[in-house]
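Q: Pasting the sequence and the predicted coordinates here, then a few questions.
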There are 4 protein chains.
Amino acid sequence: MTIIMSKKDSHGSIISYSKIIDIFTDRMVGFVLISMSDKKNKVLQIATKLFAEKGFENTSMVNICHEANVSKGLIYHHFKSKESILIEIFTGVTNQMIEMKTASKSSQEPKLQLVQLIETIFSQLEHDKAFFQLNLNIMFQPSTRQILKEQIEQRASLLFNSVKNIFDQISLKKSDLLSYMFIAEIDGISLNYLSIFNEYPLDMVKEELINKYKYLRINND
Amino acid sequence: MTIIMSKKDSHGSIISYSKIIDIFTDRMVGFVLISMSDKKNKVLQIATKLFAEKGFENTSMVNICHEANVSKGLIYHHFKSKESILIEIFTGVTNQMIEMKTASKSSQEPKLQLVQLIETIFSQLEHDKAFFQLNLNIMFQPSTRQILKEQIEQRASLLFNSVKNIFDQISLKKSDLLSYMFIAEIDGISLNYLSIFNEYPLDMVKEELINKYKYLRINND
Amino acid sequence: MTIIMSKKDSHGSIISYSKIIDIFTDRMVGFVLISMSDKKNKVLQIATKLFAEKGFENTSMVNICHEANVSKGLIYHHFKSKESILIEIFTGVTNQMIEMKTASKSSQEPKLQLVQLIETIFSQLEHDKAFFQLNLNIMFQPSTRQILKEQIEQRASLLFNSVKNIFDQISLKKSDLLSYMFIAEIDGISLNYLSIFNEYPLDMVKEELINKYKYLRINND
Amino acid sequence: MTIIMSKKDSHGSIISYSKIIDIFTDRMVGFVLISMSDKKNKVLQIATKLFAEKGFENTSMVNICHEANVSKGLIYHHFKSKESILIEIFTGVTNQMIEMKTASKSSQEPKLQLVQLIETIFSQLEHDKAFFQLNLNIMFQPSTRQILKEQIEQRASLLFNSVKNIFDQISLKKSDLLSYMFIAEIDGISLNYLSIFNEYPLDMVKEELINKYKYLRINND
DNA sequence: CATGAATGAGACTTCATTCAT
DNA sequence: GATGAATGAAGTCTCATTCAT
């Protein structure tokens, strides 16, 4: 799944990728992660960055060591293998998504929820191109895809359920189909923006999409 | 670009991936490839298959040699490097797309052209998942992406112009935006079908999309 | 030396390998080991087991830590190095052998002493294949052999003197040669039983050997 | 099996280990090996030497590279792994043994065959201590033992059948038992000579053994 | 055209050992 | 006594590429 779920916190702001990166840094307060050693943190942070920049296969353990100022031995003290670093990164984000989903109970009008969701996602997309590209890279590289198959599926159903939940509030009819179309549109735009077109008119496309869903009228034939 | 352009040949049929694969085989008559030796053909064919199955980085020259029943020396006689095999594969398909584009001058009603395009693409998608995944893999793997940057952009504008050309026949207004949306929808669906959802209702989604464009009414506000 | 000396204690029973293992446990009362901490004991015990099962080179300190439920730091608190664990294990057994030797003063008829010795050794052999294999492993692995060279020689002469002492009681003539042959036969059988033949008829061979020495008649030509 | 079978060639001389080593050198004329590249030969030769001197686990691929004046890549071009070098060495010798066995049809008096066998083996033993030690090392190192389990068993039965065949000519009764004892004596002496005693009186022991079998009288009770 | 021996850089990983706490 | 984070050397193996034949 290309999309990272958004979460409105008490101040109405959005948890963006900068927050996701915080999972591995000092501001994170989840009890599981709080005890993570600084060096391990650093490794996860650097690995995330390098995997995003160069791809998983083209990032060597030595690359990570050097950038993280850490010895090879230490990495293997904290992680079983290179693969397991990838898994830990991915799991961190997946857990974050799950947590967000549980936390976010919107009472807004459903069409506005869709609009909000679109805005959140595109805002993240613009801020963290590299991170989204990492996700795509991982999903289409057969080797890494295999490793993270389950999580990818988990994330997909997580997002789908969130979206379908909103459409159900609008109309139970065709909510499945509408969810698939909604997600396809967002993923397609992300894909084109990130990797296909040189100068993609993201703002224009975003506006079009928002208008579409703001004034959505469902044809119940 | 996820999308491989279709071409209606004189019999109204579609150039599918099976045809694309033919680029590398004896039936191909393009002037560029006509002189290609059988062995070189075989290498390109096998490399395409292996890159799709295992990814570029995880396919070794030896893998290709063994499957193609060819010696290492011979591969380096025909190709400067592993990269250049990838480039040649990609170029072959790009050239094919260009040729198709020049050849295909449809006189059909524009909305039917869109429907035809949708059907073509999804038909290819279903037949050649691996090949489409290869394209995605290459585009999101930073290393390979860099190598093929220009071609990726060339293909994107090729497709965009084809689509925009159709929308222009419907209405000059917003034809850009509509083209971007159309491409995004198709790419998004492909993406979700290929790599995200476990059991994607491709037929249902396709039908929805076809209905949308068959009866398209443009809001000219 | 493949052979672990036996000892008849006051009840006529034999000190078997189960007793040897006790060196490292609470029932041991030797003055050297009495003050040994429980954890150190445990480490020696586990190390013996792992060295026997996997060989010295293929047993890592971490393997020992995990199985002994002890931290790496603690092992290095008790032992200077991995080598020194091996040395301590070997020394423990050697000391035990020395102690046994000093303790065992048999007044039996010499040929019966030989029979007794044969029975003891084969009984141990059957009970503790792994332990005997460890001894062989250590003696033939050039690296470990070097470390324990002196002890190996010490044990050899210890055993040789014990055996020669018995043969001296039978006949002073050729007692050297007879001792070498006796030891060779026992070691050869052990070797074949432990490591060469798939289904070795140990009982049959043992009986043959016992008969040979029970009714030994020395040719004094 | 510690013992390498001997073979009387047309001049009554013995194929010693120096001949076995020739398997890997220019004098070998077996059609299978004649085509082996010089470099591959060299690697096998050097590996044999180093495994014998330092043990399998303590010989690194780099050690072999350096001594054989060959690149790491080349070794892996010829051998799948370090293990496979060991297997190839061992297999070479095993095949040699099989070939010798088939070739050697002695018409001598059986007791003299035994004497001949003893002399052959001890002659080899004295010439090639390191090689015999390698065999022992391999058989008692759990890791290598596992790898060569089958061959070890094959060799054992090969030797056993040879020996039993001779004893059968003397007396069918107890020929099994006598074979086991004979092999045990030889292996025991080898073991003691190679690895236990500092100054082993090999000549004296050998003479004793020869006398025993030269004038063997079987007790048929 | 065609082969495959040969190279050497660099990949992932293991491991004994040290040391601050 | 006890812990485990941290190190760095060394190990096995892979791989794109070159080149003599």
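A: Right, received. Where do you want to start?

Q: show me where chain A has helices.
A: Along chain A, the stretches classed as helices by DSSP state H are A:17-22, A:31-34, A:38-54, A:61-68, A:72-78, A:82-103, A:110-127, A:129-140, A:142-147, A:149-170, A:175-191, A:202-214.

Q: Export those to a markdown table and append columns for mean neighbour count and distance to residue B:193.
A: Where C-beta positions appear, they are placed from N, C-alpha and C, glycine not excepted. Shown next, in a markdown table, are the helices of chain A (neighbours: other CB atoms under 10 Å in any protein chain shown; distance: least, CB to CB, whole Å):
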| stretch | mean neighbour count | distance to residue B:193 |
| --- | --- | --- |
| helix A:17-22 | 17 | 26 |
| helix A:31-34 | 10 | 35 |
| helix A:38-54 | 20 | 25 |
| helix A:61-68 | 16 | 34 |
| helix A:72-78 | 14 | 37 |
| helix A:82-103 | 18 | 22 |
| helix A:110-127 | 19 | 20 |
| helix A:129-140 | 22 | 13 |
| helix A:142-147 | 17 | 15 |
| helix A:149-170 | 18 | 12 |
| helix A:175-191 | 23 | 9 |
| helix A:202-214 | 16 | 20 |
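
Q: how close does the closest residue to DNA strand F within chain A get to chain D?
A: In chain A, no residue comes nearer to DNA strand F than residue A:73, which is 1.9 Å away by CB to the nearest atom of the strand. Separation of residue A:73 from chain D (CB to the nearest CB, to the nearest Å): 19 Å.

Q: How about residue A:207?
A: Relative to chain D, residue A:207 is positioned 58 Å away (CB to the nearest CB).

Q: do residue A:120 as well
A: 52 Å.

Q: how near is that residue to residue B:197?
A: 21 Å (CB to CB, to the nearest Å).

Q: Turn the helices of chain A into a markdown table, columns for mean pLDDT and distance to chain C.
A: Shown next, in a markdown table, are those (pLDDT from 0 to 100; distance: least, CB to the nearest CB, whole Å):
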| stretch | mean pLDDT | distance to chain C |
| --- | --- | --- |
| helix A:17-22 | 42 | 33 |
| helix A:31-34 | 42 | 23 |
| helix A:38-54 | 94 | 18 |
| helix A:61-68 | 96 | 19 |
| helix A:72-78 | 97 | 10 |
| helix A:82-103 | 88 | 17 |
| helix A:110-127 | 92 | 42 |
| helix A:129-140 | 88 | 31 |
| helix A:142-147 | 92 | 25 |
| helix A:149-170 | 92 | 28 |
| helix A:175-191 | 96 | 44 |
| helix A:202-214 | 95 | 51 |
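
Q: Of those, give the one that comes closest to residue B:90.
A: helix A:129-140 (15.3 Å; CB to CB).

Q: angle of that closest one against helix A:38-54?
A: Between the axes of helix A:129-140 and helix A:38-54, defined by axes from the mean of the first three to the mean of the last three CA atoms, to 10 degrees, the angle is 80 degrees.

Q: Helix A:129-140 and DNA strand E in contact?
A: No. If you take CB under 7 Å from any atom of the strand as the test, helix A:129-140 misses DNA strand E, and the best it gets is 14.7 Å.

Q: And the contacts of that helix?
A: The list of residues contacting helix A:129-140 from outside it, by CB atoms under 8 Å, 6 or more residues apart in numbering or on different chains, reads A:1-2, A:4, A:17, A:20-21, A:48-49, A:51-53, A:55-56, A:86, A:90, A:124-125, A:144-145, A:148, A:152, A:190-191, A:194-195, B:133, B:136-137, B:139-142, B:195-196.

Q: mind redoing it with 7 Å?
A: Residues outside helix A:129-140 that contact it (CB atoms under 7 Å, 6 or more residues apart in numbering or on different chains): A:2, A:17, A:51-53, A:55-56, A:125, A:144-145, A:148, A:152, A:190, A:194-195, B:133, B:136-137, B:140-141, B:195.

Q: Help me confirm that residue A:209 comes into contact with residue A:182.
A: No. The pair residue A:209 / residue A:182 is not scored as a contact, 9.1 Å apart, by CB atoms under 7 Å.

Q: which non-adjacent residue is nearest residue A:71?
A: residue A:65 (6.5 Å; CB to CB, 6 or more residues apart in numbering or on different chains).

Q: show me the contacts for the one you found.
A: A:71, A:72, A:75.

Q: got a markdown table for the residues you listed, with distance to residue C:115 too?
A: Formatted as a markdown table, these follow (distance: CB to CB, whole Å):
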| residue | distance to residue C:115 |
| --- | --- |
| A:71 | 61 |
| A:72 | 60 |
| A:75 | 61 |
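
Q: how about the residues of chain A near chain B?
A: A:1, A:53-55, A:57-58, A:133, A:136-137, A:139-143, A:152-153, A:156, A:177, A:180-181, A:183-189, A:191-192, A:195-198, A:201, A:204-205, A:208 (CB under 7 Å from any CB of the partner chain).

Q: hmm, try it at 6 Å
A: A:1, A:54-55, A:57-58, A:136-137, A:139-143, A:153, A:156, A:177, A:180, A:184-185, A:187-189, A:191-192, A:195-198, A:205, A:208 (CB under 6 Å from any CB of the partner chain).

Q: what about residue A:141, how many neighbours?
A: 25 (other CB atoms under 10 Å in any protein chain shown).

Q: quick one, phi psi at it?
A: phi -80, psi 110 (degrees, to the nearest 10).

Q: Ignoring the adjacent residues along the chain, who's closest to it?
A: Closest to residue A:141 by CB to CB, 6+ apart is residue B:55, at 5.0 Å.

Q: Pull up the gap between that neighbour and residue B:47, please.
A: Taking CB to CB, one finds residue B:55 at 12 Å from residue B:47.

Q: on that earlier part again, could you save the helices of chain A as TSV and add columns showing distance to residue D:166?
A: TSV is the format used below for the helices of chain A (distance: least, CB to CB, whole Å):
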stretch	distance to residue D:166
helix A:17-22	79
helix A:31-34	73
helix A:38-54	67
helix A:61-68	60
helix A:72-78	57
helix A:82-103	59
helix A:110-127	85
helix A:129-140	68
helix A:142-147	60
helix A:149-170	64
helix A:175-191	80
helix A:202-214	90
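
Q: Indicate which one of those helices is closest to residue B:110.
A: Ranking the helices of chain A by proximity to residue B:110 (CB to CB) places helix A:202-214 first, at 19.9 Å.

Q: The closest one: how far from the chain's middle?
A: 21 Å (CA atoms, centre = their mean, to the nearest Å).

Q: likewise stretch A:166-183?
A: Going by CA atoms, centre = their mean, where stretch A:166-183 is centred and where its chain is centred differ by 21 Å.

Q: and if you look at stretch A:118-129?
A: 10 Å.

Q: Likewise for stretch A:89-106?
A: Distance, centroid of stretch A:89-106 to centroid of chain: 10 Å (CA atoms, centre = their mean).

Q: what does stretch A:186-194 give?
A: That offset, for stretch A:186-194, works out to 13 Å (CA atoms, centre = their mean).

Q: just the CA coordinates of it, formatted as CSV?
A: Extracted C-alpha coordinates of stretch A:186-194, given in CSV (Å, rounded to 0.1, in the frame of the first residue of the first chain):
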residue,chain,number,x,y,z
ILE,A,186,-5.0,8.0,-4.9
ASP,A,187,-2.4,5.3,-5.5
GLY,A,188,-2.4,6.1,-9.2
ILE,A,189,-1.8,9.8,-8.6
SER,A,190,0.9,9.0,-6.1
LEU,A,191,2.6,6.7,-8.6
ASN,A,192,2.4,9.2,-11.4
TYR,A,193,3.6,12.0,-9.2
LEU,A,194,6.5,10.0,-7.7
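
Q: For that stretch, which outside residues touch it?
A: A:2, A:121, A:125, A:132-133, A:200, A:202, A:205, B:184-185, B:187-188, B:191 (CB atoms under 6 Å, 6 or more residues apart in numbering or on different chains).
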